[in-house]
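Trainee: Build me a structure from this.
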Amino acid sequence: MTHLGNWETFVTMIALALGIAATRFLPFILFSKGTRLPPIIRYLGGALPHAAMAMLLVYCLKEVKPTVAPHGIPEVLGLAATAALHLWRGNVLLSIAGGTVFYMVLVQRVF
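Mentor: Next comes the predicted model:
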């Protein structure tokens, strides 16, 4: 494995920072106040959050083996806790954090 020198590390950090800043600020520059959003952008704004959550769900469950103990029980309980918290409070951060903590307690202490 090759290691970057100080200069290469600095240039890499600047390039990454500029790339991240561009992806964050470009939509606000392109679609300033009063500009009507194109239909595809409105559609993507509604569809992508759901698609991202579905992808995360599949990614989290891809290694679960129902035929091997604990048979996916911690994962199902963690998902149920996340869904219950979200239905109860409607707060995404609370739902994800609470479900994650509950799942980690299950796999570290119970199963």
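
Trainee: Roughly how far does residue 35 sit from residue 27?
Mentor: To residue 27, residue 35 is 11 Å away according to C-beta to C-beta, to the nearest Å. Backbone N, C-alpha and C define where each C-beta goes, glycine included.

Trainee: got it, and residue 73?
Mentor: Look at residue 73 and residue 27: by C-beta to C-beta, they are 42 Å apart.

Trainee: And for residue 60?
Mentor: 28 Å.

Trainee: circling back to that earlier point, of residue 73 and residue 27, give the one with the bigger neighbour count.
Mentor: When residue 73 and residue 27 are compared for neighbours, residue 73 comes out ahead with 15 against 11, by other C-beta atoms under 10 Å.

Trainee: For the more buried one, give me the pLDDT.
Mentor: Predicted confidence (pLDDT) for residue 73: 95.

Trainee: List the residue ranges of this structure that fall below the pLDDT cut-off.
Mentor: Low-confidence segments of the chain (pLDDT under 70): 1.

Trainee: pull the longest helix from it.
Mentor: Longest helix in the chain, counting residues (DSSP state H): helix 6-30.

Trainee: for that one, the distance to its chain's centre please.
Mentor: 21 Å (C-alpha atoms, centre = their mean, to the nearest Å).

Trainee: same deal with stretch 98-107?
Mentor: Stretch 98-107 has its C-alpha centroid displaced from the chain centroid by 17 Å (C-alpha atoms, centre = their mean).

Trainee: Over to stretch 26-44?
Mentor: Centre-to-centre, stretch 26-44 and its host chain are 23 Å apart (C-alpha atoms, centre = their mean).
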